[in-house]
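Q: sequence first, then the predicted structure:
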Amino acid sequence: MDSIQKLYSDVEKIKKHVRAEKGSSYDGLDVASQIKSLLARTNPQLSSLAESFADYWTNTYIRPSANPADEPTRENVDRLAAMQSLLEGSVEFTECLSKSDWKELCALTNYEAEDLPIDTLNSMMSIFVDKQAL
């Protein structure tokens, strides 16, 4: 199982656990909080950037949802998987990211740049250039 498949699986487990725990008071924000921790654990050398990406994802896609009991939807988990792929230096699975997503992820990466391994930073910046996010 690759890291993206594992992410999908882990998100489903978190959703299932929170639904069982919260019942009818389930809210996608509870899941998003746990996903933020998951992303940081999955990317230990990039934990701060992973948390920033998760915060962006939560604030942009989960928090404004009209149906918090349905979050995160498959579409929003796809976006999260795209961000995980980017953290791994890949463009695989990133088709779902919008131009504004790319620009914001680039800005977050620039903000965290001094704490990132140089190879990772170079790889991510090449992707941002290819996606015209700079």
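A: On my side now, so go ahead. Numbering: from 1, shown residues only.
Q: elements contacting the longest helix belonging to the chain?
A: When the chain is parsed with DSSP state H, its longest helix is helix 3-22. Taking 3 or more CB pairs under 8 Å, 6 or more residues apart in numbering; DSSP states H and E as contact, the helices and strands that helix 3-22 lies on are helix 28-42, helix 74-87. The C-beta positions use only the backbone N, C-alpha and C, and glycine is treated the same way.
Q: now the longest one: buried residues?
A: Within helix 28-42, the residues that qualify as buried by neighbour count (16 or more other CB atoms under 10 Å) are Gly28, Asp30, Val31, Ala32, Ser33, Gln34, Ile35, Lys36, Leu38, Leu39, Ala40, Thr42.
Q: and the following helix or strand past it, what does it pack onto?
A: Following helix 28-42 in sequence order, the next helix or strand is helix 47-57 (DSSP states H and E). The contact analysis (3+ CB pairs under 8 Å, 6+ apart) places helix 47-57 against helix 28-42, helix 74-87, helix 99-112.
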